[in-house]
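Asker: For reference, the sequence and a predicted model appear below.
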Amino acid sequence: KRGADIYARTKVTSAVQKDGRWELVLEDVTGSTVICYAKMIVNAGGPWVEDIIQNVARLNTNEGVRLVRGSHIVTKKLYDHEKCYFFQGTDGRIMFAIPYEEDYTLIGTTDAEHGDVTQKPSCSDEEQDYMINFVNQYFERDITREDVVWTYSGVRPLYDDGASSATAATRDYVISLNTSAGAPVINIFGGKITTYRKLAESALEAIDQVMSNS
């Protein structure tokens, strides 16, 4: 209704600044390509935001993303009520245990460096042991690896603020304007489901400011 062209299952393979605007090469899953033009780019690539900066738009910036893996374990049901627990660990982190799918308990989460964006995130043995040992400080009955039914993991694309550890890295999203190539790019670092609306509003404010001044 607003005149947008939507390209699903399509990636930007090249972004080159020409005459004050971006020339974008788009490639779909069949290998077909199309060229389009834009006044500005909004790089909301999540874990791939740095790859887009360096290898697609080739921007002159030191800003980057810090990939931090968060893993969870799902165990047989550990208690019968519907309340959840938040535990404080000796390392300063917290851990939660939540009733899950009626027959299980969900326990999480971890902060582990995940250096390669192409590597599928999975819960390591060390992460499993960390979570088990963490909650065993609180539950009446200790759990073991045998209680783990399955695991799952995700990657947080955090802004690389130079923090000494994954845990210390900022969880705040960062919206950064880059004009080093001439035509503007807004790079979005971080963000999560609980802040998506605020992030979107902040991004639109940044877009409006750039477009109003162009």
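Answerer: Great, that's in hand. Just so we're clear, the structure is a prediction, and the values are computed from it rather than from any experiment.
Asker: Flag every buried residue along stretch 161-174.
Answerer: 166, 169, 173-174 (16 or more other C-beta atoms under 10 Å). For the C-beta atoms, the positions are set from N, CA and C on the backbone; glycine is no exception.
Asker: for stretch 69-77, same thing?
Answerer: Those buried within stretch 69-77 under the rule 16+ other C-beta under 10 Å are 69-75.
Asker: quick one on the thing from earlier: between the buried residues of stretch 161-174, which is nearest Arg21?
Answerer: Val174 (25.1 Å; C-beta to C-beta).
Asker: Give me the pLDDT for that closest one.
Answerer: At Val174, the predicted lDDT confidence score is 94.
Asker: pretty sure it contacts Gly190?
Answerer: Yes: at 6.0 Å, Val174 counts as touching Gly190 under the criterion of C-beta atoms under 8 Å.
Asker: which residues do those two both contact?
Answerer: Tyr159 (C-beta atoms under 8 Å, 6 or more residues apart in numbering).
Asker: And the strands in this structure, which stretches?
Answerer: With strands called from DSSP state E, the chain shows them at 10-18, 21-28, 33-38, 41-43, 65-76, 85-88, 94-100, 104-108, 112-113, 148-159, 174-178, 185-189.
Asker: So what touches the fourth one?
Answerer: Think strand 41-43. 15, 22, 24, 49, 52-53, 57, 183-188, 203, 207.
Asker: rerun that using 6 Å as the cut-off
Answerer: 22, 49, 52, 185-187 (C-beta atoms under 6 Å, 6 or more residues apart in numbering).
Asker: can you pull the alpha-carbon coordinates of stretch 64-72 into PDB?
Answerer: Extracted in PDB, the C-alpha atoms of stretch 64-72 (Å, rounded to 0.1, in the frame of the first residue of the first chain):
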ATOM      1  CA  GLY A  64      31.500  -4.600  14.700                       C
ATOM      2  CA  VAL A  65      29.300  -7.200  16.300                       C
ATOM      3  CA  ARG A  66      30.100  -9.500  19.200                       C
ATOM      4  CA  LEU A  67      28.400 -12.900  18.800                       C
ATOM      5  CA  VAL A  68      27.400 -14.300  22.200                       C
ATOM      6  CA  ARG A  69      25.700 -17.800  22.300                       C
ATOM      7  CA  GLY A  70      22.900 -18.400  24.800                       C
ATOM      8  CA  SER A  71      22.100 -22.000  25.400                       C
ATOM      9  CA  HIS A  72      19.300 -23.800  27.300                       C
END
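Asker: Distance from the chain centre to that stretch, please.
Answerer: 7 Å (C-alpha atoms, centre = their mean, to the nearest Å).
Asker: Skipping its backbone neighbours, what lies nearest Tyr100 in space?
Answerer: Distances taken as C-beta to C-beta, 6 or more residues apart in numbering place Leu106 nearest to Tyr100, at 3.9 Å, with adjacent residues excluded.
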